[in-house]
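K.L.:
Turn this into a model:
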Amino acid sequence: MKEFIKSQKVTYNLMSFTAYKALLMFELLSQGPKSFEQISDYFFNHPYLRERISIDTMRVYINSLKRVGCEIKRVKGEDKISRYVISSHPFELKLSPEQIRVVIRVYKSLVKNIDIKELYSLESFFEKIGNYIKDDEFIADIKKIAMFGETDKELIKDLIDCCDRKDQIIVQYNSPRSGIKDIEIIADKLDISNGKIYLYGTGFEYGQYSKFLLSRIKCIKEIKAEKTLPVSLNYLKVLYELISDNPDLSEDEVVINQNGNKYLVEVNTTNKFLLTQKLLEYGPSCKILEPEDFKAEFVALLKDMKAGYYCG
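P.N.:
Sure thing, here's the model as predicted:
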């Protein structure tokens, strides 16, 4: 106390080592079964303690944890060595059935309006708290609605980094038509579409901007040191009118003119399919102006869709 009054700083010299050692013991035994030798080595190699403990001292800390409500078991493995482990403790995070329903409802709501980086952080958070909640039903419910599913988290993180840097990468992809194959792509973004996550980018196989289902990507095989562009890369320039109070335009779209909530937009893209899907989503709020051949194809598509509702 005199040292604290003099310096106004808290250092490890001021700590209650008895309580500190008990907390260290709690952390250690929460990780899994530990033998006396492992516990003693841990205390000896600790940067603040640097001391070995006797088996009697270890029992003092274990009994202290038991007194605050921890259930500690002694188990023997095939090597016949006794190990200690915390099987339960009063600090577990517990949620009522109503609280679980609220968490699930909030999660589903967040996923609808969240970017991939935020989604990655959110799922990592639920993964962590799942380790502290002894509720199999809650964990199962979270896994059911988790967007990333069984996809390796490290792969997702690496793909996010590649998209941020716009890397040219080669990924191993399980194509529904041709099976496992290598795909070269200039990574652009990870995004959610119709409840699924896709990797978007300029693909070298067909020389156009494409999307690839995340769950089908097995691994990143290579990140190219220098970027190139596909030789056969073809761009399509489209001009369209859009009526919207808050248009969500992509990087390859430019507003040529604006009059109130009416926008004249020019888009330069390598993927006719993705552009067509986007314009279809706009419905009657969008009108294609040029080029004539793309407009004719789009009108023909609308007519075919209409015919599908009235045939037979």
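K.L.:
so where's the protein uncertain?
P.N.:
1-17, 131-132, 134, 231-233, 311-312 (pLDDT under 70).
K.L.:
all helices of it, in order?
P.N.:
2-7, 17-30, 36-44, 55-67, 97-112, 116-130, 136-145, 153-165, 272-282, 292-310 (DSSP state H).
K.L.:
okay, the angle between the last one and helix 272-282?
P.N.:
Orientation check (axes from the mean of the first three to the mean of the last three Cα atoms, to 10 degrees): helix 292-310 against helix 272-282 gives 60 degrees.
K.L.:
out of the helices of the chain, nearest to Val265?
P.N.:
Val265 lies closest to helix 272-282 among the helices of the chain, at 10.2 Å (Cβ to Cβ). From N, CA and C alone the C-beta is placed, and that goes for glycine too.
K.L.:
what's across from the residue lying closest to Tyr198 once chain neighbours are set aside in the sheet?
P.N.:
The shortest distance from Tyr198 to any non-neighbouring residue, by Cβ to Cβ, 6 or more residues apart in numbering, is to Lys211 (4.1 Å). Following DSSP bridges, Lys211 is listed with bridge partners Tyr200.
K.L.:
Was I right to think Lys211 contacts Lys278?
P.N.:
No. Using Cβ atoms under 8 Å, Lys211 makes no contact with Lys278, being 11.8 Å away.
K.L.:
In terms of packing, which of those two has more residues around it?
P.N.:
Lys211 (22 against 17; other Cβ atoms under 10 Å).
K.L.:
residues touching the more buried one, list them.
P.N.:
By Cβ atoms under 8 Å, 6 or more residues apart in numbering, the residues touching Lys211 are Ser193, Tyr198, Leu199, Tyr200, Leu274.
K.L.:
count of neighbours near the third one?
P.N.:
It stands for Leu199. Neighbour count of Leu199, defined by other Cβ under 10 Å: 25.
K.L.:
Same check on the last one?
P.N.:
Other residues near Leu274 number 17, with proximity taken as other Cβ under 10 Å.
K.L.:
Next one: it from Leu159, what distance?
P.N.:
Leu274 sits at a distance of 19 Å from Leu159 (criterion: Cβ to Cβ, to the nearest Å).
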